[in-house]
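# Give me a model of this one.
(chains A and B)
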Amino acid sequence: MFCKDSWDWQPDRKVVADLSRLRSSYAGIEEFAASPDGRVLAALVKTEDDQFTVWANGQEWPDKFELAWCLRFSPSGKLIVLVRIDDEWTVAADGKSWQERFEYAWDPLFGNDGLVVGIKYKRENLYGIAIEDKVWEKSFNGLRDFCLSPDGLRAAATVQVKALREADIFGFFEGVWSVAVDGKAWDKQYINAWNPVFNADGNTVAAEVRTDICDYTIARDNEPWDSRYGCVWAPVFHPRDNSVIAAVRNQGSWMLYRNNEPFWQGRYNQMWNQRLSSDGSRVAAIVSPDFGKWTIAVDDRPWPKLFSDMVLAPVFSPDGQRVAAIVKDGGRWTVAVDGVPFKESFEMIWDPVFSPSGQQMLAMAENSGRFVILANGRKYHKQFQKLWNPVFSPDGKNVLLKYIEDDKYCRQVVPVEELLG
Amino acid sequence: MRETPESLVVDPGLDETIKKLTPEKIQTVVEHVLTKENAARLKVYSDTCVHCGLCAEACQTYISRDKDPYYSPVAKVKNTLWELVKNKGRVPPESIRDMSRIVFTECAVCRRCSMYCPFGIDIAYLLLVVRRICSLLGVVPAYLQDTTNSHAATMNQMWVQQDEWIDTLQWQEEEAQAEIPSCRIPLEKEGAEVMYSVIAPEPKILAQLLGNISQIMTVAGIDWTMPATDGWDNSNMAMYSGDFEVMGRVERLHWETAARLKVKKVVMGECGHAFRGAVYDGPRWLGWKFPPIPMVHAIEFYYDLLKSGRIKVREKYKKSVTVQDPCNTVRGRGLGNKLRYVVNELCESFIDVDPRLEHNYCCMAGGGTINCGPPWKRSRMVSNRVKAEQIEATGADVVITPCHNCHSGIEDIVGFYKLKKHVKFISEIMVEVMEIPDSLKA
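Below is the predicted model of the structure:
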């Protein structure tokens, strides 16, 4: 995602790796990962001595591991993997392992710039978060949902602050869950806490909390909203004014609230996954206006077109003027833009990608194991064995395609006009 | 309310929690549930029931307890819901305790009685309404409440920690590789054809089932994955404890996890109630008419593998077998004949039960009853003497149970009534008899 200006955007096709050669070289090869700029293809491989290492563009990392999983590129192209060394787990990033070792380590998250990685860890039966090889000072009896601040330097997680005896239903309802930020738990404890989230500046945290058997609300920096609701879903922060926006169930209907006040007037059968435009001026959410019918509402106005099966989280164009979402109707997936679904539907489809201007939109889709690119809903003539999500150049004129065809991994830059046909 | 041996059972989830109840609280909750959550359906059923009592002959607790009318479905409704309706919720806390015992431990909400009702009234639903009231009042058998608490805190029913889940999958992948070297349990493989989901007892106490499925998927050549995040557990005891908010949260995560992994379908392990939660009750509470992504129960999955020849049988299982028809997949979904096809394909000698298919008796472990825990085990056993007699009459050596609750419930019955039978899942027999192609052998 970052330094995209420095990527090679000259229209061209390069074969980066011949996979048939790779397949004959190892006892086992796991799923491939492609770097954001497409220049590197990597995979976890099992060597003849039953150990694991990382293969990237034909080169093996020097270190081998007893076990490894979760190979991922960060948005900036850092390649990380979770590895077991001498029966302990840690993170290996770009071939270098962290000093810290854990009983277990999992769920890596990246900061937005892709330079920082954080993980959950378990050590001596207690749980915590480590960011870039630094562990929290305090660890907890339990830890579930976890997020990083946008810069990746801070972490928040839902934590169990007291141990419970087996089947201690009374202790549970006294409240043993809270939210820990940088290892320090909020003073208040709740029956449950879920889905913590930071604001854009990383200096405040909100989460869903449960205060009684059927009383739910949103808490921000240790303070729950005054009202209680029949249920709530995950909150988000407004990017400019730091207000907290969440769907709450009130008198049997779902409504969108902001700082504990009604934000939208519409009452829905269901509502979740609200998203804001980058300037916060517009809000979109998945809504169900009626039982078994789903769509996107933008600023409290549902799209007229309803879908029977499923609608996924809305995606705003960079300028906030357009909204797209994956929709499923009658068992087939497609993308709807500003309420209008593409004519063609697919067995599977991936999140739409807007051009910097918001005028063009690409999506990757699959039918019968063959991948295609859709440009403004029109199918590009080439098909692929495997494809990664396309990336627009910063000027919006070219598109980076990363794909496997004929068992060769290729990086290709294609002018947008060619995709649009 | 009549005193029975079960009224004397000690359970802090009932005995201690009623101490906090006030008449006002009971009345408020009852009124809310009866008028705000259930008005139309409840009224139709109440107006339709003619109190004929034909439902009695359907119920394993009634039959097993020498046809004592107190244990008939109609009596269970009369002693709980009708009391609440008649008194407009003005009942003492002790009554709530008794009602909670009846609806949670003496009815497995198996819905066999609906088939005997001349009007097809969903009598189990009426008792689930009472469970909902009990849940909102906090009067739920302690072990079942603890299971619901686990769902709320961990999104799985057995307090499985996230690291334990992944670690167990990695361990079972290695176990499977000892049998077939190319076996994998692919974690977080976006775009796989199938997400395989299980219930929490598999990683917690029956981990070998995860190794088994890895072998089956490998031999059948299925492109599959399992999540390394919460959302892997398809079970839902909150559905049965009456905590629908937790039920909905668990189901939402399950389906959003499948959507995140971009799978075309979810195949689930051998569990009945989880099928009901993931396919019916959960999606509908959330607003979906149907599961947003197709869900295939293990019975159907194995049927397809055998029918299509993706799994071939090397040599059929020798011991004589019979089956338990899980209520939620056979009575609820009609998979009984597919189950028999699978069993006949895998086993040399299949002896069917009588009654069978959708008329088969419940195991009296589902519906959350087994999750009510040790205090209620004896009651469950006494309530299902008819199941012991039915199994014994087959003369089979092995009872195949494609459901975790059935499996545990039948094991309890085998032990309690000293039946000298073994209880197995389909997958345990499948890995024993399936042909492993030479290309996959070590």
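
# now the nearest residue to A:Val315 once chain neighbours are set aside: how far from A:Ile349?
Of all residues not flanking A:Val315 in the chain, A:Ala324 sits nearest, at 5.1 Å (Cβ to Cβ, 6 or more residues apart in numbering or on different chains). No exception for glycine: its C-beta is placed from N, CA and C like everyone else's. A:Ala324 sits 11 Å away from A:Ile349, going by Cβ to Cβ, to the nearest Å.

# Return every residue with contacts to both of those two.
Overlap of the contact sets of A:Ala324 and A:Ile349 (by Cβ atoms under 8 Å, 6 or more residues apart in numbering or on different chains) consists of A:Val335.

# all strands for the stretch 1-150 of chain A, in order.
Assigned by DSSP state E, counting those that start in this stretch, the stretch 1-150 of chain A shows strands spanning A:12-18, A:28-34, A:41-46, A:52-56, A:59-60, A:67-73, A:79-85, A:88-93, A:96-97, A:104-110, A:117-123, A:126-131, A:134-135, A:142-148.

# so which of those comes closest to chain B?
With Cβ to the nearest Cβ, the closest approach to chain B among the strands of the stretch 1-150 of chain A belongs to strand A:104-110: 3.8 Å.

# can you tell me if the closest one touches chain B.
Yes. Using Cβ under 8 Å from any Cβ of the partner chain, strand A:104-110 reaches chain B at A:104, A:106-107.

# tell me which helix or strand of chain A sits lowest on mean pLDDT?
Each helix and strand of chain A was given a mean pLDDT (mean pLDDT, DSSP states H and E); the minimum falls on helix A:19-23 at a mean of 91.

# Just confirm yes or no for that helix near chain B.
No. Counting by Cβ under 8 Å from any Cβ, chain B is not contacted by helix A:19-23; separation bottoms out at 12.7 Å.

# Name the residues that touch that helix?
By Cβ under 8 Å, 6+ apart, helix A:19-23 touches A:29, A:43, A:45, A:55, A:58, A:404, A:407-409.

# Over to stretch B:258-268?
Contacts for stretch B:258-268 (Cβ under 8 Å, 6+ apart): A:310, A:312, A:347-348, A:350, B:188-198, B:224-225, B:227, B:231, B:234, B:254, B:274-275, B:278, B:291-298, B:301.

# hmm, try it at 7 Å
A:310, A:312, A:347-348, B:188, B:190-197, B:225, B:227, B:234, B:274-275, B:278, B:292-298, B:301 (Cβ atoms under 7 Å, 6 or more residues apart in numbering or on different chains).

# quick one: it to chain centroid distance?
21 Å (Cα atoms, centre = their mean, to the nearest Å).

# quick one: buried residues of that stretch?
Of the residues in stretch B:258-268, B:258-264, B:266-268 count as buried by neighbour count, 16 or more other Cβ atoms under 10 Å in any protein chain shown.

# before we move on, what about stretch A:380-399?
A:380, A:382-384, A:386-393, A:396-399.

# Give me the neighbour count for whatever residue of the stretch 301-421 of chain A ends up closest to chain B.
Residue nearest to chain B within the stretch 301-421 of chain A: A:Met310 (3.7 Å; Cβ to the nearest Cβ). For A:Met310, the tally of surrounding residues (other Cβ atoms under 10 Å in any protein chain shown) stands at 21.

# Which positions in the stretch 201-350 of chain A make contact with chain B?
Within the stretch 201-350 of chain A, the residues that sit near chain B (Cβ under 7 Å from any Cβ of the partner chain) are A:213-214, A:230-231, A:252, A:269-270, A:288, A:291-292, A:309-310, A:312, A:328, A:347-348.

# again, only this time at 6 Å
A:213-214, A:231, A:269-270, A:288, A:292, A:309-310, A:348 (Cβ under 6 Å from any Cβ of the partner chain).

# Surely B:Arg331 touches B:Glu358?
Yes. Counting by Cβ atoms under 6 Å, a contact exists between B:Arg331 and B:Glu358, whose distance comes to 4.3 Å.

# The two: who's more crowded?
Counted by other Cβ under 10 Å, B:Arg331 and B:Glu358 do not tie: B:Arg331 has more neighbours, with 22 against 17.

# show me the residues around that one that make contact.
Applying Cβ atoms under 6 Å, 6 or more residues apart in numbering or on different chains to B:Arg331 gives the contacts B:Glu358.

# Which strand in chain B has the most residues?
The longest strand of chain B (DSSP state E) is strand B:317-323.

# Tell me which strands it pairs with, and in which orientation.
strand B:347-350 (parallel), strand B:398-400 (parallel) (DSSP bridges).

# and the following helix or strand past that strand, which residues are buried?
Remark: after strand B:317-323, the chain's next helix or strand is helix B:336-346, criterion DSSP states H and E. For helix B:336-346, the buried set under the neighbour-count rule, 16+ other Cβ under 10 Å, comprises B:336, B:338-343, B:345-346.

# Output the contacting helices and strands for helix B:336-346.
Contacts defined by 3 or more Cβ pairs under 6 Å, 6 or more residues apart in numbering or on different chains; DSSP states H and E place helix B:336-346 against helix B:298-307.

# Tell me what angle the helix it packs on forms with helix B:336-346.
In terms of direction (axes from the mean of the first three to the mean of the last three Cα atoms, to 10 degrees), helix B:298-307 departs from helix B:336-346 by 50 degrees.

# Assign A:Ala363 to helix, strand or coil.
Per DSSP: H, G, I helix; E, B strand; the rest coil, the local secondary structure of A:Ala363 is strand.

# Hmm, A:Ala336 and it touching each other?
No. Judged on Cβ under 6 Å, A:Ala363 makes no contact with A:Ala336 at a distance of 10.8 Å.

# Settle it for me: which of these two has more neighbours?
Legend: neighbour count by other Cβ under 10 Å for A:Ala363 and A:Ala336, higher for A:Ala363 (26 against 23).

# what residues are up against residue 365?
The chain I'm using is chain A. The contact partners of A:Ala365, by Cβ under 6 Å, 6+ apart, come to A:346, A:349, A:372, A:374.

# ah, I was thinking of chain B
Neighbours of B:Ala365 in contact, by Cβ under 6 Å, 6+ apart: B:405, B:408-409.

# A:Asn242 too?
A:Asn242 touches A:Asn199, counting by Cβ under 6 Å, 6+ apart.

# you'd agree it is in a strand?
No. Per three-state DSSP, A:Asn242 lies outside any strand segment and is coil.

# picking that back up, the contacts of A:Ala365 into JSON lines, with extra columns for secondary structure and pLDDT?
Below are the contacts of A:Ala365 laid out as JSON lines (DSSP: H, G, I helix; E, B strand; the rest coil; pLDDT from 0 to 100):
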{"residue": "A:Phe346", "secondary structure": "strand", "pLDDT": "98"}
{"residue": "A:Ile349", "secondary structure": "strand", "pLDDT": "98"}
{"residue": "A:Val372", "secondary structure": "strand", "pLDDT": "98"}
{"residue": "A:Leu374", "secondary structure": "strand", "pLDDT": "98"}
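
# and A:Leu400, how many neighbours?
Neighbours of A:Leu400 under the rule other Cβ under 10 Å: 21.

# Oh, that last question was meant for B:Ala192, not what I typed.
When neighbours are defined as other Cβ under 10 Å, B:Ala192 has 19 of them.
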